[in-house]
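Novice: Need coordinates for the following:
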Amino acid sequence: MKKTIQTLQEYSLPLIAGVIAAMIWANVSPGSYKALVHTPIHRIGTIFDHAEEHGEPAAQAESHATATSDADHGEVADSSDGEKHAAADGHGGLDHYLSLHFLINDIFMALFFGVAAKEITEACLPNGALNPVSKAINPLFATIGGVVGPVAVFISLNTVLGDPAWKNGWGIPTATDIALAWLVMKFLFGARHPAVSFLLLLAVADDAIGLGIIAIGYPDPNYPTQWFNLVWCIPGILIALGLRMNKVQNWVPYIAIGGAFCWWGLYSAHLHPALALVFVVPFLPGPNKDMGLYVDDGADPHDSPLEKFEHALKGIVDFGLFFFALVNAGVAFGEISGLSWLVVASLIIGKMTGVTGFSLLAMKLGFPLPEGMGRRHLLATGAVSGLGLTVALFVCGQAFTSESLQGAAKMGAVFSVAAAAIGLGLKVGLKIPGMQDTASGSDAEPKDPGSAGAEPSAAVETSKAADQPSEERADDVLAEPVKA
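Specialist: Residues are numbered from 1 along each chain as shown. Next comes the predicted model:
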């Protein structure tokens, strides 16, 4: 059973299943699907009544759900006294806070971004991908390109071929889906290839940038940001700092107390509260060195609060992504428009050109690719980084208030799975070797002037190799090359 659960988590199957379920449901019964998203959980059993019991046409059901959605965008009349959002069907107050839309997007996603913040925090530790900084210069250049490229493509294409109403979607194609992109890279090159570590660092870093884009670029469109209310975050941060200074080794008070203050500060300021734990997680006492991305739960005792935090919540987050996808990915195929193709083009073309171009620029400036990774690997990695799903779907809901525009943009995010096929096509067409090819005696990637210049098999040795299990794990970081 444990192996089955680990397989489901490792391959992001709950997220994929949620996308499929949402797409089927939204197209088979759109009225009940929209009611599902915005109906309080204690009345979930009535969702089919909304659309079908009295013969309500799907269009009317959709209109009903749209009104509910509009309410979700924040009827906080006065954030100083914390007035509650009103529900669209006449049930005000608590009903809003009990809808799946609110529970998933405003509360559950705080846990998701908290786990992402944990990975970024650990990357700054000794042996981490961001420590020392010299190890990360080239992939961080690529990260900047992976944000600038898609934004430039989106704005350019929208200016020439698009619609002014779409302009707010510029932030949608900036982030990479960490889990799915890692899965594709592992399939293409083997889990221990340096290109996989390159991709993981790039994905974590551009998701960090994505957090900033959500916070600054997409405040509540119906209500101006109440910047003064962010002072509520200060006691949350100070509480976390105080717990750290007093060497509290239980992660719960950091999150439950410090995180609660930060959540309320963002929510009452009309900024997205899903980012609340980003202010608190860096204060959790961590290990002496980075344990790596996607560490096997059985590989170490998780004795630091930072590791225990992830260990306790990772299962909830991984399986909770099913409900995130169910709530956010349900789009009727009839909502596909030019905006859908604009988003997918920005993700795939913008990521590939941006990541590749900025990484090549870093090479010209004297910062080589990781040892064992060549230009062909870089091109394929840039293509795979265009796979945007989780964060892209999330940003779609922040970028547009119109349900039709949200739906069209979300279809573009879903269509970005084509990046996996493009990556595979590049590997086959350019005959790019992976770890499995090297092991079987196929031609290895020739030395590249921009690479650190060793055989791919040498590049993946790290100081942790001796204590790792024999099975492939994706916890590599951009380790220093092993000296011959």
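Novice: Nearest residue to the middle of this protein?
Specialist: V391 (4.0 Å; CA atoms, centre = their mean).
Novice: wait, it sits on G210?
Specialist: Yes: contact criterion CB atoms under 8 Å: V391 and G210 qualify, at 5.1 Å. C-beta coordinates here come from the backbone N, C-alpha and C atoms, glycine included.
Novice: anything in contact with each of those two?
Specialist: Shared contacts of V391 and G210, defined by CB atoms under 8 Å, 6 or more residues apart in numbering, comprise A175.
Novice: Identify the residues contacting the helix or strand in which the residue nearest to the centre of the chain is found?
Specialist: Per DSSP states H and E, V391 falls inside helix 390-399. Helix 390-399 has contacts (CB under 8 Å, 6+ apart) with 15, 105, 109, 112, 168-169, 171-179, 207, 210, 213-214, 218, 272, 274, 321, 324-325, 328-329, 343, 347, 406, 409-410, 413-414, 416.
Novice: How about P14, nearest residue that isn't a chain neighbour?
Specialist: Spatial nearest neighbour of P14, excluding adjacent residues (CB to CB, 6 or more residues apart in numbering): F322 at 3.9 Å.
Novice: Point out the other elements, helices or strands, that the helix or strand where that neighbour lies touches.
Specialist: Applying DSSP H and E as the criterion places F322 in helix 305-328. Under the contact definition 3 or more CB pairs under 8 Å, 6 or more residues apart in numbering; DSSP states H and E, helix 305-328 sits against helix 2-10, helix 13-28, helix 100-102, helix 109-123, helix 251-253, helix 390-399.
Novice: Okay, angle between the second one and helix 390-399 too, please.
Specialist: Here helix 13-28 runs at 40 degrees with respect to helix 390-399, directions being taken by axes from the mean of the first three to the mean of the last three CA atoms, to 10 degrees.
Novice: Pretty sure T176 sits against L389.
Specialist: No: between T176 and L389 there is no contact under CB under 8 Å: 9.2 Å.
Novice: Show me which of those two is the more surrounded one.
Specialist: Ranked by neighbour count (other CB atoms under 10 Å), T176 and L389 place T176 first, with 36 against 28.
Novice: Quick check: phi and psi on the more buried one?
Specialist: T176 adopts backbone torsions of phi -110, psi 140, taken as degrees, to the nearest 10.
Novice: which residues sit in contact with S12?
Specialist: Contact partners of S12, counting by CB under 8 Å, 6+ apart, are A179, L180, L183, D318, L321.
Novice: Buried subset of the residues you listed as a ChimeraX selection?
Specialist: The ChimeraX command for the buried members of those (criterion: 16 or more other CB atoms under 10 Å) is given here:
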select :179,180,183,318,321
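Novice: Tell me the one of the contacts of S12 nearest G162?
Specialist: Distance to G162 across the contacts of S12 (CB to CB) is lowest for L180, with 26.8 Å.
Novice: any low-confidence regions in the stretch 351-484 of the chain?
Specialist: Regions of the stretch 351-484 of the chain meeting the criterion pLDDT under 70 cover residues 435-484.
Novice: Spell out the residue ranges of the helices in it.
Specialist: Ranges of helices in the stretch 351-484 of the chain, per DSSP state H, counting those that start in this stretch, are 351-364, 375-384, 390-399, 403-415, 418-429, 435-439, 456-459.
Novice: Which of these sits closest to A260?
Specialist: In terms of CB to CB, the element of these nearest to A260 is helix 390-399, at 21.4 Å.
Novice: Dump that closest one to PDB, restricted to CA.
Specialist: Only the C-alpha atoms of helix 390-399 are listed here, as PDB (Å, rounded to 0.1, in the frame of the first residue of the first chain):
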ATOM      1  CA  THR A 390      -0.700  23.900 -11.400                       C
ATOM      2  CA  VAL A 391       0.500  27.500 -10.900                       C
ATOM      3  CA  ALA A 392      -0.700  28.500 -14.400                       C
ATOM      4  CA  LEU A 393      -4.200  27.300 -13.600                       C
ATOM      5  CA  PHE A 394      -4.000  29.200 -10.300                       C
ATOM      6  CA  VAL A 395      -2.900  32.400 -12.000                       C
ATOM      7  CA  CYS A 396      -5.700  32.200 -14.500                       C
ATOM      8  CA  GLY A 397      -8.200  32.600 -11.700                       C
ATOM      9  CA  GLN A 398      -6.300  35.700 -10.500                       C
ATOM     10  CA  ALA A 399      -5.700  37.300 -13.900                       C
END
